[in-house]
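> Here is my input; please provide its structure:
(one chain, ligands or ions: 1)
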Amino acid sequence: MRFVHDTLPQRVAFGSGAAATNLSGEIDGLGATRVMLIAAEAEMHLADTVAKDIPVAVRHDDVVMHVPVEVAERAREAAARHNVDVLVSVGGGSTTGLAKAVAMTTGLPIIAVPTTYAGSEATPVWGLTEGAKKTTGIDQRVLPKVIIYDAALTMSLPVEMSVASGLNALAHCVDSMWAPNADPINAAFAAEGIRSLAAGLPKVVADPMDLDGREHALYAAYLSATAFASAGSGLHHKICHVLGGKYNLPHAQTHATVLPYVLAFNGPAAPEAERRIAAAFGGTSSALDGLVALKQELNAPHALADYGFREDSIDEAAEAILPSVPPSNPRPVTAADLRTLLRAAWSGTRPEPYSF
Ligand code: NAD
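Numbers count the residues shown, from 1 in each chain. Below you'll find the model as predicted:
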């Protein structure tokens, strides 16, 4: 074994029903006195409950998916105007993303309270959108100092969104097995993330108020993002990045739909990943069988056509993805491979392992 692994400095406080207490303790620990509370309008009531014991200087609910630059600018101006000394984000990846945009230019610390399984809270990756172009980058200043996980805050996440978001986390795990900086530590986190998602998500679908299922999914979201932050973007994330940015497809649903097709493509060329993923699914006959069975059980998104991706965009998308394919991908990728993969994901046909 030979590898170099960076471990990111973050404190994680996990406790259902404990977010308000944990947050108050963390604010005291930082010595912060002027909080910018960031939450989308729909989640502000959750945020207010969580922030009931902390000194909020400004509540900011101007949150938009993929963080348009003008939205980031307005949030930065609000932070300056109210002279805040810490950012507290309560919400999904879009809300965490806005806090990151403010931290990037101000250096303010973030305490993230996630309410989906997107995992942005555990990565130093920021994203901004200008016009139709999304740019992402890595900056240690945007890595939240503290993450506060409280599964009670995820109870209201609709089942459909919970499934799509949970599969977004699963995609972080699977892609981490072969991404450019894949290493055994990432693989261990990813495998445990897959196991925990496979245990938790069916319970959430059966009963959205099942706390044990919600805790398993949220714990897995952290593991998945930690693995992804270290391993980097593999083929799956490169494909979804282009699809999301160029065709404005919804983030979590796109990941949920594309994942089995990438696994069908890469799995046969990555035997160790294949073995670990299948084992994490509980010893299924193959990694792909495990994923397909879980997706069926969850009634998960299965065709890009359902989210507005058009058949006549397949060729263009394949050409746009090709230059970003990681050279370390377990097998070579041609434009024709990408067209085949995208066509299958567009129509939602049952993914079949590619033969050599
Ligand atoms: P989101 O944050 O846009 O939330 C999706 C929907 O769920 C929204 O309508 C939101 O209001 C609602 N919601 C959130 N929590 C809820 C709750 N507890 N109850 C009810 N409704 C709730 O979507 P997302 O999938 O969490 O995040 C997607 C964004 O995050 C994308 O922009 C993506 O690029 C980014 N992201 C970034 C990273 C990173 O490392 N930087 C990682 C993953 C995702």
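
> Verify the contact between residue 55 and residue 36 for me.
No. Contact criterion CB atoms under 8 Å: residue 55 and residue 36 do not qualify, at 10.9 Å. Using the backbone N, CA and C atoms, a C-beta is placed for each residue, glycine as well.

> These two: which has the busier surroundings?
Per other CB atoms under 10 Å, whichever of residue 55 and residue 36 has more neighbours is residue 36, with 25 against 13.

> The more buried one is in what secondary structure piece?
If you go by DSSP states H and E, residue 36 is part of strand 35-38.

> where does the chain have its least confident helix or strand?
strand 133-138 (a mean of 88; mean pLDDT, DSSP states H and E).

> Would you mark the buried spots in that one?
residue 134 (16 or more other CB atoms under 10 Å).

> partners of that strand, with directions?
The strands beside strand 133-138 in its sheet (DSSP bridges) come out as strand 125-130 (antiparallel).

> what residues does the partner strand touch?
Contacts to strand 125-130, defined as CB atoms under 8 Å, 6 or more residues apart in numbering, come from residues 66-69, 72, 97, 100-101, 104, 134-139, 142, 229, 245.

> Can you confirm whether the strand or helix carrying residue 196 lies near the ligand?
Element membership for residue 196, per DSSP H and E: helix 184-206. No. Contact between helix 184-206 and the ligand is absent, the nearest approach being 12.0 Å (criterion: CB under 6 Å from any ligand atom).

> right, and the helix or strand after that helix?
That would be, after helix 184-206 and using DSSP H and E, helix 211-231.

> Now do that following helix: which elements does it pack against?
Helix 211-231 is packed against strand 11-14, strand 146-149, helix 159-176, helix 184-206, with contacts defined by 3 or more CB pairs under 8 Å, 6 or more residues apart in numbering; DSSP states H and E.

> Give the buried residues for stretch 321-333.
Residues of stretch 321-333 classed as buried by neighbour count (16+ other CB under 10 Å): 321, 325-326, 329-330, 333.

> From the ligand, how far out is residue 63?
According to CB to the nearest ligand atom, to the nearest Å, residue 63 stands 8 Å off from the ligand.

> Dihedrals phi and psi, that residue?
phi -110, psi 130 (degrees, to the nearest 10).

> just checking, it touches residue 94?
Yes. The criterion here is CB under 8 Å, and residue 63 meets it with residue 94 at 5.5 Å.

> Of the two, which one has the most company?
Ranked by neighbour count (other CB under 10 Å), residue 63 and residue 94 place residue 63 first, with 24 against 20.

> ok, and the closest non-adjacent residue to that one?
Nearest residue to residue 63 in three dimensions, chain neighbours excluded: residue 40, at 4.0 Å (CB to CB, 6 or more residues apart in numbering).

> repeat for residue 153
residue 115 (4.9 Å).

> ok, the one you found - contacts?
Per CB under 8 Å, 6+ apart, neighbours of residue 115: 43, 46, 90-92, 153-154, 157.

> which among the residues you listed gets closest to the ligand?
Checking the contacts of residue 115 against the ligand by CB to the nearest ligand atom gives residue 92 as the nearest, at 2.3 Å.
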